[in-house]
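>>> okay, here's the prediction I keep looking at, along with the sequence it came from:
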Amino acid sequence: MPDSAQILRLLPEILLSVFGTLIMVLDPLTGRNRKALLGVLALVGAYCAWIGALVSYANPGPAFGGMVTVDGFATFFRLLVCAIGFLTVLASMSYLERNELPQGEYYALVLFGVAGQSLMAVSGELVLIFLGLEISSISTYILAGFLREDAKSNEASLKYFFLGSFATAFFLYGVALTYGATGSTKLVVIRQAMEGKDANVVLAVIAGALMFVGLAFKVSAAPFQVWTPDVYQGAPSPVTAYLSTGPKAAAFAIFLRIFFTTVPQTGVMWGWLLWTCALLSMTIGNFAALVQTDIKRMLAYSSIAHAGYVLVAFTSCTPIGAAAAMFYLAAYAFMNLGAFTVVSHLSGRREQYVAIDHYAGLGRRRPFLAALLTIFLLSLVGIPLTGGFFGKFYIFRAAVNADLLWLAVLGLLNSAVAAYYYLKVIVVMYMQEPKEEVTIEPVPATLAATLVLAAGAVFFLGVYPGPVLDFATRSASFSRQ
């Protein structure tokens, strides 16, 4: 029987599951005019899970026979995915009401997805990682097709499901081969086997390559990114915001756990693979985004490019690189979630207005929304005083310190290319005449709160990055343990 300390180390996941189940039970018992209460309950659940992550961190250590590990690294990503879940629910409340979508199941799926992502972050065992990955994935497959009468949304869900299933199969087969190579699926035991030369190295390398394919799909890294534009475009905008942040952060957490903790001495073996994948992701994402006229597709290709930036830090194979990747994922989560939240409101009922031209004159018609979208886009570019600036600075510094000068230079050049399509949206908002056919509704309080919180986080990480970076640096020391 697990003791109270072990249960406490799984407190966030327990709370998220309890609140998600409670919402499902209360949904059919709640009147149509009171569905917003389910959203409030989901907010409470995400907030309680966030607090639960801090409480759990006060009692760190392994649990359940080493399957779960609570440390600074796990807590960093727990806090991040819970914050993403909270803001996703807050941003979705007005969207669901405006589009007359089922609210109870939506909020439950978001909480269950966050529970899976949180479980991935604390997992010290490959099978448990797989379970968390599937909990998160199944939730997002359903959420991607939540606009059930929209053909694009249905297409997005089917593409995401079928391609995601193939990627999951690659990962699971890699787990099986890892067990065959080392005799265990626990990360600590696998590392000991690799360091003690007790493992079948050839089989372990093949297993690592298969797991790399599965995880590269989850983070939208090239050449496994082809699903991203169609899924991001077809999914409801709040879901797209969630897809581009929460699942991606959790998948990168697994990347760090497996490729830094488990087989650190073979990091050089993966160097050229990561180098190539990072460069392809940045280049394909940025140059494809240049020609997009749909803002959701533009941000989708942008997401591919940002996965490439994070992989630049991975390529360094150092604790500094791991800390830089963690900081960048936090900054990216808030600026991308904020940008998609603005898009979700401006798109109108059933997402009518998603072309970049529809943003013409937004600076005159809705100065508040235009100003906040400008902040998020400038942060995505990497302008000083925003979280995106320090995120890219730390990533490229880690690359230079690891003698990856050419990769850092190519990353900087890609950032310059990206500035064009981000600034193009700002030019359209402030320097073109408004389109009369575009209807913009007043900003609901919940959506305004989401945008203010996201913008506040972007500025905090840009003006005072020290606390988050210090915590990430201490947490990234796991790679040397």
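Looks like it arrived, so ask away.

>>> I'd like the next helix or strand past the strand or helix carrying Tyr430.
Assigned by DSSP states H and E, Tyr430 falls within helix 405-431. Downstream of helix 405-431, the next assigned helix or strand under DSSP H and E is helix 445-463.

>>> and that following helix, what does it pack onto?
If you count contacts as 3 or more C-beta pairs under 8 Å, 6 or more residues apart in numbering; DSSP states H and E, helix 445-463 packs onto helix 72-98, helix 319-346, helix 367-381, helix 387-401. In this view, the C-beta of every residue, glycine as well, is placed from N, C-alpha and C.

>>> could the C-alpha coordinates of that helix be exported in CSV?
The C-alpha coordinates for helix 445-463 follow below in CSV (Å, rounded to 0.1, in the frame of the first residue of the first chain):
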residue,chain,number,x,y,z
ALA,A,445,-14.0,39.8,-19.0
THR,A,446,-12.6,36.2,-18.9
LEU,A,447,-10.8,36.7,-22.2
ALA,A,448,-9.4,40.1,-21.1
ALA,A,449,-8.2,38.5,-17.9
THR,A,450,-6.4,35.7,-20.0
LEU,A,451,-4.7,38.3,-22.2
VAL,A,452,-3.6,40.4,-19.3
LEU,A,453,-2.2,37.4,-17.4
ALA,A,454,-0.3,36.2,-20.5
ALA,A,455,1.0,39.6,-21.3
GLY,A,456,2.1,40.1,-17.7
ALA,A,457,4.0,36.8,-17.8
VAL,A,458,5.7,37.8,-21.1
PHE,A,459,6.9,41.1,-19.5
PHE,A,460,7.9,39.4,-16.3
LEU,A,461,10.1,36.9,-18.1
GLY,A,462,11.5,39.7,-20.2
VAL,A,463,12.2,42.3,-17.5
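
>>> in the helix holding Tyr430, what counts as buried?
By neighbour count on 16 or more other C-beta atoms under 10 Å, the buried set for helix 405-431 is 407-408, 410-411, 414-415, 417-419, 421-422, 424-426, 428-430.

>>> that helix to helix 387-401, inter-axis angle?
Angle of helix 405-431 versus helix 387-401, following axes from the mean of the first three to the mean of the last three C-alpha atoms, to 10 degrees, is 160 degrees.

>>> how much does helix 405-431 deviate in direction from helix 319-346?
In terms of direction (the same axes, to 10 degrees), helix 405-431 departs from helix 319-346 by 20 degrees.

>>> checking Pro102 next. Helix, strand or coil?
coil (DSSP: H, G, I helix; E, B strand; the rest coil).

>>> now do the contacts for it.
27, 96 (C-beta atoms under 8 Å, 6 or more residues apart in numbering).

>>> same deal with Asp294?
Contacts of Asp294 (C-beta under 8 Å, 6+ apart): 233, 354-356.

>>> what does His306 give?
Counting by C-beta under 8 Å, 6+ apart, His306 touches 285, 332, 336, 380.

>>> so which of those residues wins on neighbours?
Among the contacts of His306, the one with the most neighbours (other C-beta atoms under 10 Å) is Leu380, at 30 neighbours.

>>> so that one makes contact with Ser302?
Yes: counting by C-beta atoms under 8 Å, Ser302 is a contact partner of Leu380 at 6.6 Å.

>>> average pLDDT across the helix holding Tyr430?
Helix 405-431 shows a mean pLDDT of 93.

>>> now the stretch 201-350 of the chain, which segments are flagged as low pLDDT?
Scanning the stretch 201-350 of the chain for pLDDT under 70 picks out the ranges 263-269.

>>> the helices in it, which residues?
Under the criterion DSSP state H, counting those that start in this stretch, the stretch 201-350 of the chain carries helices at the ranges 201-218, 228-234, 237-243, 246-256, 271-289, 295-315, 319-346.

>>> need those helices in JSON lines (columns: distance to Phe166).
Formatted as JSON lines, these follow (distance: least, C-beta to C-beta, whole Å):
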{"stretch": "helix 201-218", "distance to Phe166": "8"}
{"stretch": "helix 228-234", "distance to Phe166": "14"}
{"stretch": "helix 237-243", "distance to Phe166": "18"}
{"stretch": "helix 246-256", "distance to Phe166": "16"}
{"stretch": "helix 271-289", "distance to Phe166": "18"}
{"stretch": "helix 295-315", "distance to Phe166": "18"}
{"stretch": "helix 319-346", "distance to Phe166": "25"}
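
>>> just checking, Tyr107 is part of a helix?
Yes: under three-state DSSP, Tyr107 sits within a helix.

>>> gap between the residue nearest to it when sequence neighbours are not counted and Gln225?
Counting by C-beta to C-beta, 6 or more residues apart in numbering, Ala42 is the residue found nearest to Tyr107 once chain neighbours are left out, at 3.8 Å. With distances taken as C-beta to C-beta, to the nearest Å, Ala42 is found 30 Å from Gln225.

>>> the two: which is more packed in?
Each of Ala42 and Gln225 has its neighbours counted (other C-beta under 10 Å); Ala42 has more, 30 against 24.

>>> show me what contacts that one?
Ala42 sits in contact with 19, 23, 89, 107-108, 110-111, where contact means C-beta under 8 Å, 6+ apart.

>>> and for Ala108?
20-21, 23-24, 27, 42.

>>> what does Thr30 give?
Listed by C-beta under 8 Å, 6+ apart, the contact partners of Thr30 are 37-38, 104.

>>> out of the contacts of His306, flag the one nearest to Lys186.
Closest approach between these and Lys186, by C-beta to C-beta: Tyr332, at 30.6 Å.

>>> surely that closest one is in contact with Thr386?
No: counting by C-beta under 8 Å, Tyr332 sits too far from Thr386 to count as a contact (11.2 Å).

>>> close enough to count as contact, Thr450 and Val89?
No: using C-beta under 8 Å, Thr450 makes no contact with Val89, being 9.2 Å away.

>>> rewinding a little: out of the contacts of Asp294, name the ones that lie in helices.
Under the assignment DSSP state H, the contacts of Asp294 contribute Gln233 to helices.
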